[in-house]
Structure formats: C-alpha cells, structure tokens
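> Fold the following.
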Amino acid sequence: MSTNILELLKSEFGDQIVGQLGKFVGEDAAKTKSALGSIFPAVVGALINKGSTSQGASEILDRINRGGFGEDALKAPENAFAGGYTTTNLLNIGTNLLGWIFGTGLQR
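Residues are numbered from 1 along each chain as shown. Next up, the predicted model:
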C-alpha cells in the first residue's frame with residue numbers, strides 16, 4: 001500500500017486549524033483550505049526537487065535536526081495562530097524554511 005504524503009499533510013489541518021489560519025490571514029475557511037490545496041503540492045514538490053541530490057537530502061536532514069521541528073513544534077496546533085510568542089516563532093521558522101526551499105523565488 002502506498003502512502004500519499006499530500007493527503008497525510010492535509011489531514012493534519014482539520015477544520016478548526018484551517019479556520020484559525022484563515023482568521024489569522026483575514027480569509028474565510030473555504031478560501032484558506034483551497035489555498036492550502038495549492039501550497040502543499042508546491043512545497044512538497046520543491047522538497048522532492050531539493051532532496052534529489054545527496055547534498056540536498058543531507059541539507060534537508062540537517063534542517064530537520066536543527067530547525068525546531070521536533071514533536072513540540074506543533075504540539076498544540078490550535079494555538080499556533082492565536083498570536084504571541086508561539087505564532088511569532090512559528091512564522092519565523094516557516095519564513096526561514098520557505099526561503100531556504102524556494103530561494104529568491106519567495107516573496108512576502
């Protein structure tokens with residue numbers, strides 16, 4: 001049986017989290033869910049591309065090991081977009097990670 005990584009990723013973002021993320025960015029839940037449906041394949045595809053070389057795969061592993069992506073990173077995902085330190089920290093980690101994945105193609 002094969003595993004669909006995109007479906008696993010989408011399943012981690014339930015209605016409550018999508019709703020909170022939408023509220024955080026000023027969009028309704030339906031538009032946010034639709035946007036995530038486009039964002040996830042782009043990020044996964046870029047990671048696959050980056051990991052297609054031994055150097056890239058090593059860089060991905062290094063990022064995971066030192067990047068704050070342990071089990072505590074999203075221990076309470078419902079609090080991720082509530083504001084304060086948790087949100088700021090998550091945004092900083094995400095911005096740095098996306099900048100590394102997409103390079104100069106990332107724009108705010």
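> how much space is there between W100 and L36?
20 Å (CB to CB, to the nearest Å). In this view, the C-beta of every residue, glycine as well, is placed from N, C-alpha and C.
> May I see the buried residues of the longest helix anywhere in the chain?
When the chain is scanned for its longest helix (criterion: DSSP state H), the result is helix 29-50. Taking 16 or more other CB atoms under 10 Å as the neighbour-count basis, helix 29-50 is seen to contain the buried residues 29, 32-33, 36, 40, 43, 46-47, 50.
> who does it touch, helix- and strand-wise?
Contacts defined by 3 or more CB pairs under 8 Å, 6 or more residues apart in numbering; DSSP states H and E place helix 29-50 against helix 5-11, helix 15-25, helix 54-66, helix 84-102.
> How far away from the center of its chain is that helix?
A distance of 8 Å separates the C-alpha centroid of helix 29-50 from that of its chain, computed with CA atoms, centre = their mean, to the nearest Å.
> Kindly report the same for stretch 56-64.
Between the mean C-alpha point of stretch 56-64 and the mean C-alpha point of its chain there is a distance of 16 Å (CA atoms, centre = their mean).
> Show residues contacting that stretch.
When contacts are taken as CB atoms under 8 Å, 6 or more residues apart in numbering, the neighbours of stretch 56-64 outside the stretch itself are 47, 49-51, 69, 97, 100.
> So, low pLDDT: which residues of this protein?
In the predicted model of the chain, residues 1, 68-78, 104-108 satisfy pLDDT under 70.
> Nearest the middle, which residue of it would you pick?
The residue at the geometric middle of the chain, judged as the C-alpha nearest the mean C-alpha position with CA atoms, centre = their mean, is G94 (6.5 Å).
> Report the contact partners of it.
With contacts defined as CB under 8 Å, 6+ apart, G94 is in contact with no residue.
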